[in-house]
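> coordinates for the following, if possible.
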Amino acid sequence: MKHLAFLFLFFLTSQTVHSWKKDEFRACDQTPFCKRARFRKPGSCTLIATDVSISDGDLTAKLIPIAEHDHDQDPIKPLTLSVSVYRDGIMRLKIDEDPSLDPPKKRFQVPDVIVPEFEGKKLWLQSASSEKLDGNTGGLISVVYLSDGYEAVLRHDPFEVYVREKAGKRRVVSLNSHRLFDFEQLRVKKEDEDWEERFRGHTDTRPYGPQSISFDVSFYESDFVYGIPEHATSFALKPTRGPGVEESEPYRLFNLDVFEYVHDSPFGIYGSIPFMVSHGKSGKSSGFFWLNAAEMQIDVLAKGWDAENGILMPTEQSRIDTFWMTEAGIVDTFFFVGPGPKDVVKQYMSVTGLPAMPQLFSTAYHQCRWNYRDEEDVENVDSKFDEHDIPYDVLWLDIEHTDGKRYFTWDKLLFPHPEEMQRKLAAKGRRMVTIVDPHIKRDDSFHLHKDASQRGYYVKDASGKDFDGWCWPGSSSYPDVLNPEIRSWWAEKFSYKNYIGSTPSLYIWNDMNEPSVFNGPEVTMPRDVLHLGGVEHRELHNAYGYYFHMATADGLVKRGDGKDRPFVLSRAFFAGSQRYGAVWTGDNSADWDHLRVSVPMILSLGLTGMSFSGADVGGFFGNPDPELLVRWYQLGAYYPFFRGHAHHDTKRREPWLFGERNTALMRDAIRIRYTLLPYFYTLFREANVSGVPVVRPLWMEFPSDEAAFSNDEAFMVGNSLLVQGIYETRAKHASVYLPGKESWYDLRTGTTYKGGKTHKLEVSEESIPAFQRAGTIVPRKDRLRRSSTQMMHDPFTLVIALNSSQEAEGELYLDDGKSFDFKHGAYIHRRFVFSNGHLTSSNMASSTLGNSKFSSDCVIERIILLGYTPGAKTALIEPGNQKAEIELGPLRFGGQHGGAAVTIRKPGVRVAEDWKIKVL
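Numbers count the residues shown, from 1 in each chain. Take a look at the predicted model:
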């Protein structure tokens, strides 16, 4: 046993010392389904649609092969096809084996991702019209209504499905236009067949044999495609096959525990969302989502990839072709017509759900390390933040706080008084987060393992026994969270009774939930492991972390009797994870390339629903030099999720450990985040209501600006702020593109810059380029406190950036920052408009949500007017006929005074009320 323990310790040490090794993970040519699919040529699909009719409100058909059957092969059975349409321009296409033909097993359909209310948006089709393509010379198509201006089309021979504009018949998104569709049907194994797959000493029994699916998807009027996280690569997805593309891997979607992942790679890492968005010069966007949790590989095809194949495609429309491949499951796909970028995001969210509204504290700064050693270390770090006047809200504990990696426990020597420790933090308005991973230590004296084992709640291996894999505790088993009963059991573990030592100010971090299995194939669970109902792990792998995240978040809701919003950070994710909490980009490294790639990674996550995301500030692995660490704090202050974190082998890197000057720079960056918390919280509410992400690509706000389409060095925070990081050492200048026709104002100095051009700016160590868009109003809180909780009653500042018409508008959202009462109307939502020298505040809150009320005595103490010509001395406040002074005052952003601007001092108006301020 000691020998085994030594070997395991050696294995873990090697995991932490060595970086990502490419040969530990499968490439496409080592993955049979991917290799087979990529070998197929355009035109190889021979399926045609027959028996086309309207049934149960859907357009339905059978797909059968038209080619002669090869008698050496099993006969191809008909597949069932259905096209459904939903409100707001959403088409759903499902293709599966015909259950009436008695397939060997039912193919897996991913449950609990589509929100229940989506089915209520279905439009029940009454009829389909028939047309011939190209007048009377082409093949027959069936056409059904999709939405005003759009139609769904099923081509019969050859089989093809697409969405088109009604006027002009211009295509939007199509499937199988290149006839690459392939559906490997389940069948009975023959005596001489070997279905097993082997990789690096691991054998996958594959009891049901090949069952992959692949097809081409084309996006029209498109110049770029985006999305399908998670990859450490550019935001605009680069071609992976075709002319000018050197030998390349497809974009892989397969959740994996990857130490020190490399940047600029299509390799899949911790999460998977098979949702792609296209955008083009027309300013229009469209989207495609495949609800499938098996391993997926996606090629983006370079223009001209099909030039030698003679496939006739519409030539008058620019398009991007893609090729989607998966190991198992069914075709369950969604076509989103847009036409705007925000429309596509909203359409996707109507299927998978809107992002959860976070607690206010979780939108502030988090301090984490693997590991804070003990209670004394925690107390010291906490006091040092106060000593150095640096605000923070959350202190995190990694795996070493537990009793021997047994989750829901505390090391009694290092953390003997966990409740008292949490209460001390809570007294300052701060919280604690502890880690709870899915691997449960196989120890008969551990109550959690004993209970799970006796109930039969673990995932089973291919022989039907509890799966036993290695992770941090050593020998471990994993709860089968596909099962709703087991998710409920897991949720109960977070009650104060079960999680001894926890308090209401303790929240949770789910790591290693891909799931990570150190001795498994590709450091994860074998594909032939079994879940509820005999579902193989290969069929749901990418959703395992999603179900675990769901169960944990539900546990925190139950713990608080449904009154307290949960906060759960997860490393693994899938479509729908936005409903349960935040994610981060995993085990990055302390280098400039990883700082740079954090921006496209976060943009991709936001575009696909995961608004609440961030990267470890400073890099998890390695030791950042002070300059890199400062630049990372300056950029991280604008991430939706803002956390500093580091590996236990790194040097301590709290902000006060790098000399007074660097401490001041990091303090200033963190204070910027706290200053902007009202704006961020308002944006989180916008995401919660509409799905539009907090951090956005430039083209989401400027959809016709071609210079913005591939720009992933800069990003928008909401519709008002543009931020660009500094991504190289000792930078003296930065080239920043400012889109649009209106001006932009430097956040610190108020200096005006023209839109629609690239500016070469001098940069200093003090800040990164950040600007406010003319025509916007941004709410701030400028008083410096220890935590966000202590800012609740502080007054506001409004920064009004006037456009060329001397107008601007903005919003402010407030609630209690913690409960679900906002769902019943307990919130304040104001709209501010400046026009004709008047600033007005009006109510935007819905009157239909309920009778709950939220009140605030907060007032506005300063109104800053950027772009306003000095001259007026007073402002008139109505109602009340009061006057306020106007003077030249400091911008005072992030604790620094910066430039000066026209300022209305102490107007004293309450944020919750209607009022008007007139500049005299």
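> show me where the stretch 351-500 of the chain has its helices.
With helices called from DSSP state H, counting those that start in this stretch, the stretch 351-500 of the chain shows them at 375-387, 418-426, 447-455, 484-492.
> could you dump the ones you listed into a markdown table with mean pLDDT, mean neighbour count and distance to Ile213 added?
Bear in mind the C-beta positions are built from the backbone N, C-alpha and C, glycine included. Shown next, in a markdown table, are these (pLDDT from 0 to 100; neighbours: other C-beta atoms under 10 Å; distance: least, C-beta to C-beta, whole Å):
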| stretch | mean pLDDT | mean neighbour count | distance to Ile213 |
| --- | --- | --- | --- |
| helix 375-387 | 98 | 16 | 50 |
| helix 418-426 | 98 | 18 | 49 |
| helix 447-455 | 98 | 15 | 34 |
| helix 484-492 | 98 | 17 | 27 |
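> which among these is found nearest to Arg241?
Proximity to Arg241 (C-beta to C-beta) singles out helix 484-492 among the helices of the stretch 351-500 of the chain, at 39.7 Å.
> so how far is the helix or strand just after the closest one from its chain's centroid?
The helix or strand immediately downstream of helix 484-492 is strand 506-510, counting by DSSP states H and E. Averaging C-alpha positions (C-alpha atoms, centre = their mean, to the nearest Å) puts strand 506-510 18 Å from its chain's average.
> next, the angle from strand 506-510 to helix 418-426.
For strand 506-510 against helix 418-426, the angle by axes from the mean of the first three to the mean of the last three C-alpha atoms, to 10 degrees is 100 degrees.
> now what about strand 506-510, what contacts it?
Identification of contacts with strand 506-510 by C-beta atoms under 8 Å, 6 or more residues apart in numbering yields 362, 394, 396, 422, 431-438, 494, 499, 545, 548-549, 552, 555-556, 566-572.
> for the very next helix or strand once past that strand, packing partners?
Taking DSSP H and E as the definition, the helix or strand that follows strand 506-510 towards the C-terminus is helix 537-540. Packing contacts for helix 537-540, counted by 3 or more C-beta pairs under 8 Å, 6 or more residues apart in numbering; DSSP states H and E, involve no helix or strand.
> for the closest residue in space to Gln422 that isn't next to it in sequence, the count of nearby residues, please.
Leaving out its chain neighbours, the residue that sits closest to Gln422 by C-beta to C-beta, 6 or more residues apart in numbering is Thr503, at 4.5 Å. If you count neighbours by other C-beta atoms under 10 Å, Thr503 ends up with 17.
> kindly report the same for Glu193.
Residues near Glu193, counting by other C-beta under 10 Å, number 10.
> how far away is it from Pro207?
Glu193 sits 12 Å away from Pro207, going by C-beta to C-beta, to the nearest Å.
> just Ala637 next, same as before
Taken as C-beta to C-beta, the span from Ala637 to Pro207 is 51 Å.
> next one: Asp56
34 Å.
> more neighbours: which of those two?
Between Asp56 and Pro207, Pro207 has the larger neighbour count (other C-beta under 10 Å), namely 15 against 9.
> correct me if wrong: that one contacts Glu197.
No - Pro207 lies out of contact with Glu197 (C-beta atoms under 8 Å); the separation is 11.8 Å.
> gap between the two ends of stretch 120-131?
30 Å (C-alpha to C-alpha, to the nearest Å).
> in it, which residues are buried?
Buried residues in stretch 120-131, counted by 16 or more other C-beta atoms under 10 Å: Leu125, Ala128, Glu131.
> buried among the contacts of strand 506-510? Need that as a selection in ChimeraX.
Buried residues within the contacts of strand 506-510, by 16+ other C-beta under 10 Å, are selected in ChimeraX with:
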select :362,394,396,422,431,432,433,434,435,436,437,438,494,499,545,548,549,552,555,556,566,567,568,569,570,571,572
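> which ones among the contacts of strand 506-510 map onto strands?
Within the contacts of strand 506-510, residues falling in strands by DSSP state E are Val394, Trp396, Arg431, Met432, Val433, Thr434, Ile435, Val568, Leu569, Ser570.
> turn the residues you listed into a markdown table, including distance to Glu885 and pLDDT.
Formatted as a markdown table, these follow (distance: C-beta to C-beta, whole Å; pLDDT from 0 to 100):
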| residue | distance to Glu885 | pLDDT |
| --- | --- | --- |
| Val394 | 40 | 98 |
| Trp396 | 45 | 98 |
| Arg431 | 40 | 98 |
| Met432 | 45 | 98 |
| Val433 | 45 | 98 |
| Thr434 | 50 | 98 |
| Ile435 | 52 | 98 |
| Val568 | 48 | 98 |
| Leu569 | 46 | 98 |
| Ser570 | 50 | 98 |
